[in-house]
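A.B. asks: Sharing a sequence plus its predicted fold:
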Amino acid sequence: MKNIKIFSSKNHRIGFTLTEVLITLFLTAIMVGIASTSFLNVSPKYRLKKAVWEINSRMNYARYKAIFEVTKIRIKFSQQSYTIEKYDKNQKEWKKEKENFLKGVTLQANNSPVFHPEGTVSNLASIYISNSWGIYRITLAISGRIKVVKL
């Protein structure tokens with residue numbers, strides 16, 4: 001048989017030294033720190049776009065709900081939320097259905113639009129949605145058409 005040399009731990013290094021591990025962790029921490037600050041700067045942009053999309057879709061929802069349920073639907077806006085209300089014909093008052101809060105944006109509206117069963121809208125509204133990233137304007141026509149414009 002041939003002589004097989006068995007390597008001992010004295011001749012062969014296994015693993016990493018403590019210094020190598022610490023340097024690797026330090027470099028990883030620096031890279032994560034740089035990446036996280038760039039992600040934090042982009043966050044307001046996506047919050048603004050999400051809020052614009054949500055209000056646009058909720059206005060379409062209110063319009064179609066008014067048509068299908070043959071009743072009036074109103075959307076009321078406050079500085080950081082909006083409320084969908086349904087008109088109760090028997091009690092002759094508005095009943096709150098749902099209130100949604102929008103995080104990281106500010107809302108300004110000149111009116112609370114009312115969607116009618118015919119598909120039309122009264123109390124035409126211009127809604128401004130803003131934060132540190134920018135401003136969007138959503139306008140509502142009497143025909144129910146919704147227009148979104150970045151300002």
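C.D. replies: That came through, no problem.

A.B. asks: Which stretches in this structure count as strands?
C.D. replies: Assigned by DSSP state E, the strands in the chain fall at 73-77, 81-88, 93-101, 106-109, 114-115, 121-122, 126-131, 134-140, 146-150.

A.B. asks: And the residue positioned nearest the centre of the chain, how far from residue 57?
C.D. replies: Centroid-nearest residue in the chain, with C-alpha atoms, centre = their mean: residue 50, separated by 3.1 Å. Residue 50 is 11 Å from residue 57, where distance means C-beta to C-beta, to the nearest Å. The way it works is simple: take the backbone N, C-alpha and C, and place the C-beta from them, glycine included.

A.B. asks: How about residue 104?
C.D. replies: 18 Å.

A.B. asks: likewise residue 117?
C.D. replies: 20 Å.

A.B. asks: same question, residue 148
C.D. replies: With C-beta to C-beta as the criterion, residue 148 and residue 57 are 11 Å apart.

A.B. asks: And the two? Which one has more around it.
C.D. replies: residue 148 (14 against 11; other C-beta atoms under 10 Å).
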